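**Student:** Fold the following for me, if possible:
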Amino acid sequence: MKTVLQVLFSGLALVASFVSQAEPAIIAPKAKDSLLLDIVKVSEERFVAVGQRGHILVSNNQGNSWQQVAVPVSVNLTAIDFLDQNHGVAVGFDQTILLTEDGGDTWSKSHQEISNFQPALFSVLYASKDNITAVGSYGLYLESSDGGKTWDNREVTSLSDVYDGFSHFYDLERLNDNTWYIAGEKFIAEAKEDGDESSKGMIAVTKDAGKTWEKVNSPYEGSFFGITVKNSDIYVYGLRGNLFHSINEGDTWQRIGLNNEAGLHDMIVLEDGKLVLVGTGGVLVTKDGSNITLEKRTDLKGRAALVSVGGEHYIIVGEGGVETFANAGLEKSVEKGQ
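**Tutor:** Numbers count the residues shown, from 1 in each chain. Sure thing, here's the model as predicted:
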């Protein structure tokens, strides 16, 4: 049976250390070469990335150089989001939630539950000054209505009852102030004949900023690792290279063939409408109209997330650290470790 992390990152070498996770992260000379799991654009020049062992890295020059900052925990961090150029939130294992009020230079611990087993947080949305929502494995759904001072661990029964099993919420994205989407999977209690557990893709929507949730018809039985929302276009993607597109808030879906069977972890839509996706085995897929380009890292290290810098310039993070791409090609793998 695959673990949650194996399913989510499909081979990324993510190691959860259960020792001294409450201790501050070590400032490591090669942190920029280590496993990084998410990245966010804070301003035109500033980007912040998070990853293993509490690593948080900041760039003030569009990814050309990076500096690790002090972090009060050494737990693996999986996701990051910013409300504005100052206020941000990062989440990870052991229900860890960190806050910053200075653009990512300093961080404080807002929430953490350390024990032999705690569900992990996989995605976070800094929706407004007061409202922050974080989601993760086994239906974990934490929300704050006071800017992160206190947290409510809420059971979203409308999603937990979709199937006879338990949910993993892998990605939380916002269409507008009121309409948000969750993508993930639902494990079924019954095992297959080979003894492995069965799962189904899950998509959910709220139209009242998280107060109530309802399921969206899923176009695929397998797991979804991410969801990308761009204007009226919604894309979900995940296991075995599957990508689906909806233009009517998920009422109907169209499959987009990519000639790829590797799991897809993240996706952006460039200014010219080109789709760029990353995933298992270092896969990088670009789709420009009917033209599809598929590349892989030579070392096959997984790519976890990416963010647009502007135009055809984007930054990728993953098992091999940071890579920057410009003009549809690898400009430089910044301290990439390739």
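**Student:** which stretches of the stretch 1-150 of the chain form helices?
**Tutor:** 4-9 (DSSP state H, counting those that start in this stretch).
**Student:** Would you state the strands of it in chain order?
**Tutor:** In the stretch 1-150 of the chain, the strands defined using DSSP state E, counting those that start in this stretch lie at 36-41, 47-51, 56-59, 67-68, 77-82, 88-92, 97-100, 108-111, 121-126, 132-136, 141-144.
**Student:** Dump these into JSON lines; add distance to residue 321, mean pLDDT and mean neighbour count as well.
**Tutor:** All C-beta atoms are positioned from the backbone trio N, CA, C, and that covers glycine. Below are the strands of the stretch 1-150 of the chain laid out as JSON lines (distance: least, CB to CB, whole Å; pLDDT from 0 to 100; neighbours: other CB atoms under 10 Å):
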{"stretch": "strand 36-41", "distance to residue 321": "6", "mean pLDDT": "98", "mean neighbour count": "24"}
{"stretch": "strand 47-51", "distance to residue 321": "9", "mean pLDDT": "98", "mean neighbour count": "27"}
{"stretch": "strand 56-59", "distance to residue 321": "9", "mean pLDDT": "98", "mean neighbour count": "23"}
{"stretch": "strand 67-68", "distance to residue 321": "12", "mean pLDDT": "98", "mean neighbour count": "16"}
{"stretch": "strand 77-82", "distance to residue 321": "15", "mean pLDDT": "98", "mean neighbour count": "26"}
{"stretch": "strand 88-92", "distance to residue 321": "18", "mean pLDDT": "98", "mean neighbour count": "28"}
{"stretch": "strand 97-100", "distance to residue 321": "21", "mean pLDDT": "98", "mean neighbour count": "23"}
{"stretch": "strand 108-111", "distance to residue 321": "25", "mean pLDDT": "97", "mean neighbour count": "16"}
{"stretch": "strand 121-126", "distance to residue 321": "21", "mean pLDDT": "98", "mean neighbour count": "25"}
{"stretch": "strand 132-136", "distance to residue 321": "24", "mean pLDDT": "97", "mean neighbour count": "28"}
{"stretch": "strand 141-144", "distance to residue 321": "29", "mean pLDDT": "98", "mean neighbour count": "21"}
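**Student:** Any idea which of the ones you listed gets closest to residue 268?
**Tutor:** With CB to CB as the measure, strand 36-41 is the member of the strands of the stretch 1-150 of the chain nearest residue 268 (10.3 Å).
**Student:** starting at the chain centroid, how far to that closest one?
**Tutor:** Centroid separation between strand 36-41 and its chain, computed with CA atoms, centre = their mean, to the nearest Å, is 8 Å.
**Student:** repeat for stretch 23-30
**Tutor:** With CA atoms, centre = their mean, you get 22 Å for stretch 23-30.
**Student:** Kindly report the same for stretch 255-273.
**Tutor:** 15 Å.
**Student:** For it, C-alpha coordinates in PDB please.
**Tutor:** Extracted C-alpha coordinates of stretch 255-273, given in PDB (Å, rounded to 0.1, in the frame of the first residue of the first chain):
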ATOM      1  CA  ARG A 255      -9.700  15.600 -21.100                       C
ATOM      2  CA  ILE A 256      -6.600  17.200 -22.500                       C
ATOM      3  CA  GLY A 257      -4.100  14.600 -23.900                       C
ATOM      4  CA  LEU A 258      -0.500  15.300 -23.100                       C
ATOM      5  CA  ASN A 259       1.300  12.200 -24.300                       C
ATOM      6  CA  ASN A 260       2.500  11.700 -20.700                       C
ATOM      7  CA  GLU A 261       1.800   9.100 -18.100                       C
ATOM      8  CA  ALA A 262       3.800  10.600 -15.300                       C
ATOM      9  CA  GLY A 263       1.900  12.100 -12.300                       C
ATOM     10  CA  LEU A 264       1.300  15.800 -12.500                       C
ATOM     11  CA  HIS A 265       1.800  17.900  -9.400                       C
ATOM     12  CA  ASP A 266       1.400  21.600 -10.400                       C
ATOM     13  CA  MET A 267       0.400  23.800 -13.400                       C
ATOM     14  CA  ILE A 268       0.500  27.400 -14.400                       C
ATOM     15  CA  VAL A 269      -1.100  29.200 -17.400                       C
ATOM     16  CA  LEU A 270       1.300  31.700 -19.000                       C
ATOM     17  CA  GLU A 271       0.200  35.100 -20.300                       C
ATOM     18  CA  ASP A 272      -0.100  33.800 -23.800                       C
ATOM     19  CA  GLY A 273      -2.300  30.900 -22.700                       C
END
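**Student:** Show me this protein divided up by domain.
**Tutor:** The record's domain split for the chain, according to automatic domain parsing, is 4-269, 270-338.
**Student:** Return the distance of the first one from the chain's centre.
**Tutor:** What it means is domain 4-269. With CA atoms, centre = their mean, you get 4 Å for domain 4-269.
**Student:** Then the shortest one?
**Tutor:** Distance of domain 270-338 from the chain centroid (CA atoms, centre = their mean) equals 15 Å.
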